[in-house]
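> sequence plus the predicted model coming up.
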There are 2 protein chains.
Amino acid sequence: MDRSKMPVVGVDIGGTKIIAAVFNADGAMLSRIYCLTLGSEGPDRVINRLCTTITQAIEKAGLKRKQVGCIGIAAAGAIDINRGLVGDSPNIPHWHNIPLRDRLAESLGGTIYVLNDANAAALAEHRLGAGRGLNNMIYITVSTGIGGGMIIDGELYQGTDGSAAEIGHMIIKIGGPLCKCGKRGCFEAMASGTAIARLAKSRLRRGEGSIMPGLVRGKVSDVNAQTVADAARQGDELALAVIEQSAGYLGIGVANLVNLMNPQMIIIGGGVSKMGEMLLSPTRKSMKANSIELPARSVRLVRPRLGVDAELTGAALYARDMLRAKA
Amino acid sequence: MDRSKMPVVGVDIGGTKIIAAVFNADGAMLSRIYCLTLGSEGPDRVINRLCTTITQAIEKAGLKRKQVGCIGIAAAGAIDINRGLVGDSPNIPHWHNIPLRDRLAESLGGTIYVLNDANAAALAEHRLGAGRGLNNMIYITVSTGIGGGMIIDGELYQGTDGSAAEIGHMIIKIGGPLCKCGKRGCFEAMASGTAIARLAKSRLRRGEGSIMPGLVRGKVSDVNAQTVADAARQGDELALAVIEQSAGYLGIGVANLVNLMNPQMIIIGGGVSKMGEMLLSPTRKSMKANSIELPARSVRLVRPRLGVDAELTGAALYARDMLRAKA
């Protein structure tokens, strides 16, 4: 049988959940199953749960392991795709150069591909979502961190090792706030959900008035990006100002990408993007003010079309592409 | 006759000189001629001189205009390659959206292509220089400004309009020094030859000891990047410190490109790169400290192999590629 027409599994290892789904050759989802990541239990246990979840998804689809053509895994962090190695994962403590592909192959057998989760979402948005038919687009995910994926000349661009589009660690403010990577002024340290929360907390602690403390029972340390979004929707001036400031930084990072890549579209996804136009509108303004006129005219800044399954869908699309390339 | 085998002209419009050369189908240079740009005389006169120089180069090669397959022009600034439009040129005053392709075609006839000069140099370094055979490389030119060109999957990447790789205006220090583009903290404002001169002058004016004033007859306002390089070669501590500081910023911009593109090689050209290892060695150190481990391991930071003719050679290569694509 032509392996490239066999069902494939797509998996997303997130900070909270592991989700696995089986797709047939037409792209229809045959099954979907998830479990909690529980990253604090360490890599070994997470890998065991990953294997179990994949096995269960295959069973739920009414298939046997050997009826599956291959498995695509989307994971956070810089991935060495040639060796299936996951570098430091921001989501899972103690992940450092874990040979995920080989570890999974030991338990599950068969062909397994690992790629960056934002790269996977970029591929899915390009094939099935907001970026269909485009030559050049960039997908940005803004949540606790910032990740990215690039489509160049209609194909996912992964670079030499597979770590391309690590846009979260592009430095936009030398000497700026400390990033969890250890450097200062990274895009992620300036414009992620974590940065929004930090900005809000620092302004609340300086005594600026807001409804935010009331939303977290007075415990300012509990303020997160969601709190800011909720307060902003109720018209809270400080929350709106924090979003405006953060969108200004987001727009600068986006402008850098516009100047570098001259893309047709930039898609802003991730939890923080759910703020919608409240975030995107000032981001667009800052992007225009901070980029060169010509590429700024060509680019459209939009939200994604796909939902939480973008990463696992992209992982499955990627795995099938790899099967086809080998066929 | 197969037009793609006809001789082609490559031209470089620099801030100081216009250089034109004719190449045969094997890439051999048949003639080379130059004139001063004299940009202060305005676009019309520069375009006239450009036409004359091209005509003379064709004559010097013993050819007639109709024996030339096409002409490739390398110019600074963001170029709309689809319309042959040169946006704001940093080299020539009063250039704003000049329809260079059409203006030249009126006078010279035939097929003319315009591309960014650093893009042209990137193409030449990839085909004939330090980057031969690589899939992914970035060329950076550091002189009074900073420009760039990217090779992706073995091809010059120009983006949607042709303005890709405008790396000089990537913001690396929000709120940093003013760039001539009007924004603050651009890579160019932090790490170009102009920035090196600014750093040196500001430290000299604060009274730091150095041999530099002696090299410019006491006129500190005359200190430029060349003065700093000359003093550093004589062991001047302030000059060395300025280069180290500037290389730190250069390394941060390079690290951003490493994180984004995960390239095999970054070539640093342009006048400032002639400082050699004195600049490149601290740049490499800063690049490693500021980029992700995986892509930092894969990239080599080197100097170009081609000399002052890289831009016009790249323009000729580009023009021939276009002819072939049409054939």
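It's in.

> residues near A:Glu25, how many?
Quick fix: residue A:25 reads Ala, not Glu. 13 (other CB atoms under 10 Å in any protein chain shown). For glycine as for every other residue, the C-beta is placed from the backbone atoms N, C-alpha and C.

> who's in contact with the residue in the stretch 51-200 of chain A that chain B sits nearest to?
Chain B sits closest to A:Gly159 of the stretch 51-200 of chain A, with a gap of 2.5 Å, by CB to the nearest CB. By CB atoms under 8 Å, 6 or more residues apart in numbering or on different chains, the residues touching A:Gly159 are A:165, B:136, B:261-263, B:295.

> just the element for the residue positioned nearest the centre of chain A, please.
The geometric centre of chain A, computed from its C-alpha atoms, lies nearest to A:Ala118 (CA atoms, centre = their mean), at 3.7 Å. Assessed by DSSP states H and E, A:Ala118 sits inside helix A:117-128.

> centre of the chain to that helix, how far?
In this view, helix A:117-128 has its centroid 9 Å away from the chain centroid, taken as CA atoms, centre = their mean, to the nearest Å.

> CA atoms only for it, dumped as CSV, please.
Provided in CSV are the C-alpha atoms of helix A:117-128 (Å, rounded to 0.1, in the frame of the first residue of the first chain):
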residue,chain,number,x,y,z
ASP,A,117,4.7,24.0,17.5
ALA,A,118,4.5,27.5,16.0
ASN,A,119,6.0,26.2,12.7
ALA,A,120,3.2,23.6,12.7
ALA,A,121,0.5,26.2,13.3
ALA,A,122,2.0,28.3,10.5
LEU,A,123,1.8,25.3,8.1
ALA,A,124,-1.8,24.6,9.1
GLU,A,125,-2.9,28.3,8.7
HIS,A,126,-1.2,28.3,5.3
ARG,A,127,-2.9,25.1,4.0
LEU,A,128,-6.3,25.4,5.7
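
> which is the succeeding secondary structure element to that helix?
That would be, after helix A:117-128 and using DSSP H and E, strand A:137-142.

> partner strands of the helix or strand just after that next one, parallel or antiparallel?
Following strand A:137-142 in sequence order, the next helix or strand is strand A:146-152 (DSSP H and E). When pairing is defined by DSSP bridges, strand A:146-152 lines up against strand A:137-142 (antiparallel), strand A:155-157 (antiparallel).

> dump those into JSON lines; add mean neighbour count as well.
Formatted as JSON lines, the strands paired with strand A:146-152 follow (neighbours: other CB atoms under 10 Å in any protein chain shown):
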{"stretch": "strand A:137-142", "mean neighbour count": "29"}
{"stretch": "strand A:155-157", "mean neighbour count": "20"}
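
> could the ones you listed be laid out in CSV, adding distance to B:Gly69 and mean pLDDT?
Listed next are the strands paired with strand A:146-152 as CSV, based on distance: least, CB to CB, whole Å; pLDDT from 0 to 100:
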stretch, distance to B:Gly69, mean pLDDT
strand A:137-142, 34, 98
strand A:155-157, 31, 98
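
> what would those look like in a markdown table with distance to B:Ala25?
As requested, the strands paired with strand A:146-152 are exported to a markdown table (distance: least, CB to CB, whole Å):
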| stretch | distance to B:Ala25 |
| --- | --- |
| strand A:137-142 | 37 |
| strand A:155-157 | 31 |
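
> looking at the ones you listed, which is nearest to B:Gly77?
Smallest distance to B:Gly77 across the strands paired with strand A:146-152 (CB to CB): 22.9 Å, for strand A:137-142.

> distance from the chain centre to that closest one, please.
For strand A:137-142, the distance to the chain centre is 8 Å (CA atoms, centre = their mean).

> kindly report the same for stretch A:129-143.
12 Å.

> ok, and the closest non-adjacent residue to the residue of the stretch 201-327 of chain A found nearest chain B?
Residue of the stretch 201-327 of chain A nearest chain B, by CB to the nearest CB: A:Asn262 (2.6 Å). Spatial nearest neighbour of A:Asn262, excluding adjacent residues (CB to CB, 6 or more residues apart in numbering or on different chains): B:Gly159 at 2.6 Å.

> next: A:Gly69.
Nearest to A:Gly69 is A:Met6, by CB to CB, 6+ apart, at 3.3 Å.

> ok, A:Cys181 next?
Using CB to CB, 6+ apart and skipping the chain neighbours, the partner closest in space to A:Cys181 is A:His169 (5.6 Å).
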